[in-house]
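# give me the fold of what follows.
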Amino acid sequence: MSRFTHFLAVDWSGAAGERHKGIALALAEIGGGPPELLTPPRGGWSRPEALGVLADLGSEAALIGVDLGISLPFADHGAFLPGWAHSPADARRLWALIDEICADDPHLGAGSFVDHPEIAAYFRRHGGREGARFGGGRGRLRVTEHAQARMGLSPYSNFNLVGAAQVGKSSLTGMRVLNRLADRLAVWPIDPLPAQGAVLCEIYTSLAAIEAGRSAGRAKMRHRDDLNAALAVLGAPPAEGSGAIDDHSADALLTAAWLRRVHGDAARWQPQGLTPEIARTEGWTFGAL
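Residues are numbered from 1 along each chain as shown. Below is the predicted model of the structure:
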């Protein structure tokens, strides 16, 4: 897939509220140069504003990586929500269901989905509320998350909404965004790769950091010297500025450069374990092999 000319990495947030310091967008161009942060509106990005940026790229030759889970586990039980008669059959119908249930949640939040009287049983929530169908431990994992674990990463279930490492809130709010992008761009591998236009994929920023010479335990960077050393491994010039940097911005900058560096590797688009059934239900993390 060497047709891309723009590489956008998005560090996402599922936190409550309108604006989020945890959302960062960084862009790298095919011609080289350092990755650059997109300037957020005053007070930080809102999820609807970030959605607008992604929608505007729909006709561009852009590869967009978003740091969230694009679906829920399915392969382990043959269903997202096993035992519930209304469990969706594939990822796109899952996104639509979440967006429908959460239609009145402000700021593209997803609280109504996890508070749903029948769906709540599948989640681990704050206050010691572990649903009877959560599954214990780290919770249910997708096939791609098992692949991440084999690469030395520590994935958590998208059904887990507790703790600093939880990704469930980001993933559920992100699925609302994906539903609203349905007619604007392709989402790999749920959609086949199109001959033109933008493609969105799931990323794991720690994977990019490991490939840039960081260990899994040192994936987060909070100083530009560390960021620039990692960028150099990827063949990218130093990012603008000096001194301290927040880890969300560093993640986005590094991952934009990483997408530019590795997007032409055919193996990234054909990982072992990715079947047509997995593609349409669970999706995959770009770079998880």
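# ok but residue 171 is inside a helix, no?
Yes: Residue 171 sits within a helix when classified using DSSP: H, G, I helix; E, B strand; the rest coil.
# wait, it sits on residue 157?
No: counting by Cβ atoms under 8 Å, no contact exists between residue 171 and residue 157, whose distance comes to 9.7 Å. All C-beta spots, glycine's among them, are computed from the backbone N, C-alpha and C.
# where in the stretch 1-150 of the chain is pLDDT low?
In the predicted model, the stretch 1-150 of the chain carries pLDDT under 70 at residues 1.
# for it, which segments are assigned as strands?
Assigned by DSSP state E, counting those that start in this stretch, the strands in the stretch 1-150 of the chain fall at 6-11, 19-20, 24-29, 36-37, 45-46, 62-67, 124-125, 129-130.
# could those be laid out in a markdown table, adding distance to residue 244?
As requested, these are arranged in a markdown table below (distance: least, Cβ to Cβ, whole Å):
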| stretch | distance to residue 244 |
| --- | --- |
| strand 6-11 | 17 |
| strand 19-20 | 19 |
| strand 24-29 | 15 |
| strand 36-37 | 14 |
| strand 45-46 | 20 |
| strand 62-67 | 21 |
| strand 124-125 | 33 |
| strand 129-130 | 37 |
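# could you work out which of the ones you listed reaches nearest to residue 179?
With Cβ to Cβ, the closest approach to residue 179 among the strands of the stretch 1-150 of the chain belongs to strand 62-67: 13.4 Å.
# note down every partner strand of the closest one and its orientation.
For strand 62-67, the paired strands and their directions (DSSP bridges) read strand 6-11 (parallel), strand 199-202 (parallel).
# how close does residue 57 get to residue 116?
To residue 116, residue 57 is 32 Å away according to Cβ to Cβ, to the nearest Å.
# next: residue 28.
Distance, residue 28 to residue 116, by Cβ to Cβ: 39 Å.
# so between those two, which is more surrounded?
Neighbour count, other Cβ atoms under 10 Å: between residue 28 and residue 116, residue 28 has more, with 27 against 18.
# no further questions, thank you.
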